[in-house]
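Participant: sequence? don't have it. structure:
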């Protein structure tokens, strides 16, 4: 009998599909179309893609894996998707807080960037940002900054997925003296990273108030020529809205639409000061929205009408924004928590943006905002193997009654234990495998001294 059982086991092993990895956990939060929540679940992975997600018994019977990651006290979830940030600004973390956006930009950030931002600064700032993002469960980030080719190099070396936009502004910037030079730089950047397995290069005109109409039109044309996304700040502050209404008799959304800026794949960050006509435009144009609750609160920019956006089924994702004044970290768990709570207090209804909707914005709806929902954002067969494990063996994780509520309202970024992107393990046991944390932190402290010296030599007005 024992020999017969061994023979059956041998036959079943021969019949099993080969996999590179099997991950198991107490729960699998799939965020697939059926929103399956699988208790005692597992995920099979081959190469860069997911083969299957299902009950552990089913996955173990179907697949034979070269490697396993068994986390009986963890949630397995899609990697978190940040739809708006400025990663290299991690090196400016905390240089100017508690200010209005225009004061912060004009008197602190723009001058500090002019004095300090170089390719090397961007490389180390991006590495620091990637380290923080990976350790807190972000697997895809959407970036707007300078020397974006260097951002792409650093992100690729870390193993992260990125939608990376080269910033274009109507005044001299660290990497381009004119908008024409910035467009030429961006053209080369788009060509270089076209078809990259991790990097989606993008065009990123900063905002309507920092670019001419001609430059904005040229940015859209360039993006469309390369079939690339366009990233832009939109209606972040009341001042931006009021100025646009006074100058053009149009809201920023209406003005950009009239210029044709939304005629192609677009991600608009913030969208705080938008009305029903603006939302109708954004929906009709398929514009992705990057909601940044921490930033909007910290800068007192206002509260985006996210409850209404979700009712209209707009593709709304979450983003921490820049870690220097507008938000001083990259913690997407914090953004989920605040996205849910801010809408409750804004509308006076605690039922608005429930926990599952907040997770949706950080995963599959965020993927929709980026136009990448067929590749990332959920754990299902055929999608990229971007996933995380979240510990459930800590005081803040028990007792557990509702998995979605636990993730949004109780669990934290530092509860993330393992991170995989594109089938490659990047974090294991909360330790980075592709980045040298000690070296990065040492370089960050060196740059802190440089930045501080530059500010003292030329103090802001």
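Facilitator: Looks like it arrived, so ask away. The model shown is predicted, which means the values in this text are computed figures rather than measured ones. Numbers count the residues shown, from 1 in each chain.
Participant: Sketch out the low-pLDDT regions of the chain for me.
Facilitator: Per-residue confidence of the chain (counting by pLDDT under 70) places the weak regions at 1-14, 457-461.
Participant: got the domain boundaries for it?
Facilitator: Taking automatic domain parsing as the reference, the chain has its domains at 18-78+381-429, 80-369.
Participant: Contacts only, for the residue nearest the centre of the chain.
Facilitator: Nearest to the centroid of the C-alpha atoms of the chain, with distances taken as CA atoms, centre = their mean, sits residue 82, at 1.3 Å. For residue 82, the contacting residues are 133, 138, 140, 141, 142, 317, 318, 319, 320, 330, 332, 366, by CB atoms under 8 Å, 6 or more residues apart in numbering. Using the backbone N, CA and C atoms, a C-beta is placed for each residue, glycine as well.
Participant: ok, how many other residues are close to the closest residue to residue 213 other than its chain neighbours?
Facilitator: Excluding the flanking residues, the one nearest residue 213 by CB to CB, 6 or more residues apart in numbering is residue 259, at 5.8 Å. Summarising burial for residue 259: neighbours were counted as other CB atoms under 10 Å, giving 17.
Participant: Might one say that residue 259 is in contact with residue 216?
Facilitator: Yes: counting by CB atoms under 8 Å, residue 216 is a contact partner of residue 259 at 5.5 Å.
Participant: what's the lengthiest helix in the chain packed up against?
Facilitator: Residue-count comparison of every helix in the chain, with assignments taken from DSSP state H, identifies helix 437-457 as the longest. With contacts defined as 3 or more CB pairs under 8 Å, 6 or more residues apart in numbering; DSSP states H and E, the secondary structure elements packing on helix 437-457 are helix 110-116, helix 119-135.
Participant: what's residue 191 in contact with, if anything?
Facilitator: With contacts defined as CB under 8 Å, 6+ apart, the neighbours of residue 191 are residue 226.
Participant: Residue 147 versus that one, what's the distance?
Facilitator: According to CB to CB, to the nearest Å, residue 191 stands 16 Å off from residue 147.
Participant: ok, and the closest non-adjacent residue to residue 162?
Facilitator: residue 155 (4.3 Å).
Participant: One more: residue 262?
Facilitator: Skipping the residues right next to it in sequence, residue 262 comes nearest to residue 285 by CB to CB, 6+ apart, at 3.9 Å.
Participant: who's in contact with that neighbour?
Facilitator: Residue 285 sits next to 257, 262, 263, 266 when contact means CB under 8 Å, 6+ apart.
Participant: ok, now with 7 Å
Facilitator: Listed by CB atoms under 7 Å, 6 or more residues apart in numbering, the contact set of residue 285 reads 257, 262, 266.
Participant: Repeat that for residue 413.
Facilitator: Residue 413 makes contact with 136, 137, 331, 333, according to CB under 7 Å, 6+ apart.
Participant: Distance-wise, check residue 137 relative to residue 353.
Facilitator: Residue 137 sits 20 Å away from residue 353 when distances are taken as CB to CB.
Participant: between those two, which one's more packed in?
Facilitator: Neighbour comparison, residue 137 and residue 353: the larger count goes to residue 137, with 29 against 25 (by other CB under 10 Å).
Participant: The more buried one reaches residue 388, doesn't it?
Facilitator: Yes: counting by CB atoms under 7 Å, a contact exists between residue 137 and residue 388, whose distance comes to 4.5 Å.
Participant: just to revisit the earlier point, can I get the contacts of residue 413 in TSV with secondary structure and distance to residue 346?
Facilitator: Formatted as TSV, the contacts of residue 413 follow (DSSP: H, G, I helix; E, B strand; the rest coil; distance: CB to CB, whole Å):
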residue	secondary structure	distance to residue 346
136	coil	26
137	coil	26
331	coil	21
333	helix	21
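Participant: Buried among the residues you listed? Make that a PyMOL selection.
Facilitator: Buried members of those, identified by 16 or more other CB atoms under 10 Å, are gathered into one PyMOL selection as follows:
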select buried, resi 136+137+331+333
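Participant: Farthest pair within the contacts of residue 413?
Facilitator: Longest distance between any two of the contacts of residue 413 is 9.0 Å, between 137 and 331; criterion CB to CB.
Participant: Please identify the deepest-packed of the helices and strands packed on helix 437-457.
Facilitator: Of all the helices and strands packed on helix 437-457, helix 119-135 carries the top mean neighbour count, a mean of 24, counting by mean count of other CB atoms under 10 Å.
Participant: now what about it, what contacts it?
Facilitator: Taking CB under 7 Å, 6+ apart as the rule, helix 119-135 contacts 82, 87-91, 141, 145-147, 150-151, 154-155, 158, 160, 329-330, 416, 419, 426-427, 430, 432, 435, 437, 440, 443-444, 447.
Participant: From these, which land in helices?
Facilitator: Counting by DSSP H, the contacts of helix 119-135 place 150, 151, 154, 155, 158, 437, 440, 443, 444, 447 in helices.
Participant: List just the nearest of these to residue 67.
Facilitator: Each of the ones in helices among the contacts of helix 119-135 was checked against residue 67 using CB to CB; the closest is residue 158, at 20.9 Å.
Participant: quick one, what contacts the closest one?
Facilitator: With contact set as CB under 7 Å, 6+ apart, residue 158 has these partners: 127, 130, 134, 434, 435.
Participant: Many thanks, have a good one.
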